[in-house]
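Q: curious how this folds, go ahead:
(chains A and B)
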Amino acid sequence: GESVGLHLPTLSVQEGDNSIINCAYSNSASDYFIWYKQESGKGPQFIIDIRSNMDKRQGQRVTVLLNKTVKHLSLQIAATQPGDSAVYFCAESRNNNDMRFGAGTRLTVKP
Amino acid sequence: ETGVTQTPRHLVMGMTNKKSLKCEQHLGHNAMYWYKQSAKKPLELMFVYSLEERVENNSVPSRFSPECPNSSHLFLHLHTLQPEDSALYLCASSQMGGTGELFFGEGSRLTVL
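A: Model prediction:
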């Protein structure tokens, strides 16, 4: 079946370095994608989103890249800080319905 | 209060108990959701309510019973649960016809003994 998944379950980076978290999706009909951040003991929080008519979107220190050809989504975090340590989920939906989530990548930032 | 509020944050119950989880959203949204989050698994959608009508039930066992009395409140009634039901239960809300973004609560951590 179609699914949303992440390439790596864990990622460890040095403070100040850039982080790249990847996500693969298989539903070519998905038209909306979101990255969520979940800190320990908290619910997922919206980071950034992108629609399928775009291939890049930038926020504050974060950039989402969408490659529809290979069905790949990535989240780039610039100058990673200790507060960025969390689990990151990608999610996909079609027509604003049926949002499905990947398993998550745990990002650890080393001081 | 703002956002999505869930109570209780932690719950321990025996397999024969009856308990309820509560969710309240203060965002004016018209859709609410229950998700189950288990270790190392993707978020599992359990129920969706849109305009207070249940629009999705993802093959959830009947020991979980949702209730949506109005667009701001959502309950999950729990009865005769199993230890494998121990998980973080997340409530979310969204605006149907909007961007599709889900706004999550902090979750209720359930432990079934």
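Q: confidence-wise, which helix or strand of chain A is lowest on average?
A: strand A:4-6 (a mean of 53; mean pLDDT, DSSP states H and E).
Q: residues touching residue 78, list them.
A: Since you didn't name a chain, this refers to chain A. A:N18, A:R61, A:V62, A:T63 (CB atoms under 8 Å, 6 or more residues apart in numbering or on different chains). Heads up, the C-betas are built off the backbone N, CA and C, glycines and all.
Q: sorry, should have said chain B
A: B:M13, B:N17, B:K18, B:K19, B:S20, B:L21, B:R63, B:F64, B:S65, B:D85, B:L110.
Q: secondary structure element for it, which one?
A: Counting by DSSP states H and E, the element that carries B:L78 is strand B:73-79.
Q: tell me the strands beside that strand, with direction?
A: With DSSP bridges as the test, strand B:73-79 is paired with strand B:18-25 (antiparallel), strand B:64-70 (antiparallel).
Q: got the buried residues for it?
A: B:L74, B:F75, B:L76, B:L78 (16 or more other CB atoms under 10 Å in any protein chain shown).
Q: any idea how far A:M54 is from chain B?
A: 13 Å (CB to the nearest CB, to the nearest Å).
Q: how about the nearest residue to that residue once chain neighbours are set aside, phi and psi?
A: Spatially, and ignoring its direct neighbours in sequence, A:M54 is nearest to A:L66 (6.6 Å; CB to CB, 6 or more residues apart in numbering or on different chains). Torsion angles at A:L66 (phi, psi; degrees, to the nearest 10) stand at phi -120, psi 120.
Q: pretty sure A:L66 sits against A:D49.
A: No - look at A:L66 against A:D49 with CB atoms under 8 Å: they stay out of range, at 10.3 Å.
Q: list residues touching both of the two?
A: Jointly contacting A:L66 and A:D49 under the rule CB under 8 Å, 6+ apart are A:F33.
Q: how many neighbours does the residue nearest to A:M54 have?
A: Neighbour count for A:L66, taken as other CB atoms under 10 Å in any protein chain shown: 20.
Q: tell me which element the residue nearest to B:E101 when sequence neighbours are not counted is part of?
A: With CB to CB, 6+ apart as the criterion, B:E101 has its nearest non-adjacent residue at 5.8 Å, and that residue is A:F46. Using DSSP H and E, A:F46 sits within strand A:45-51.
Q: avg pLDDT for the following helix or strand past that strand?
A: Moving toward the C-terminus from strand A:45-51, the next helix or strand (DSSP H and E) is strand A:56-58. Mean pLDDT, computed over strand A:56-58, is 97.
Q: surely B:P42 is in contact with A:M99?
A: No - contact status for B:P42 versus A:M99: not in contact, 11.2 Å apart, counting by CB under 8 Å.
Q: for the most centrally placed residue in chain B, give the beta-bridge partners.
A: Most central in chain B under CA atoms, centre = their mean is B:W34, positioned 3.0 Å from the mean C-alpha point. Taking DSSP bridges as the rule, B:W34 bridges to B:F47, B:C91.
Q: and it, what is it in contact with?
A: Residues in contact with B:W34 (CB under 8 Å, 6+ apart) are B:C23, B:L45, B:M46, B:F47, B:P66, B:L74, B:L76, B:Y89, B:L90, B:C91.
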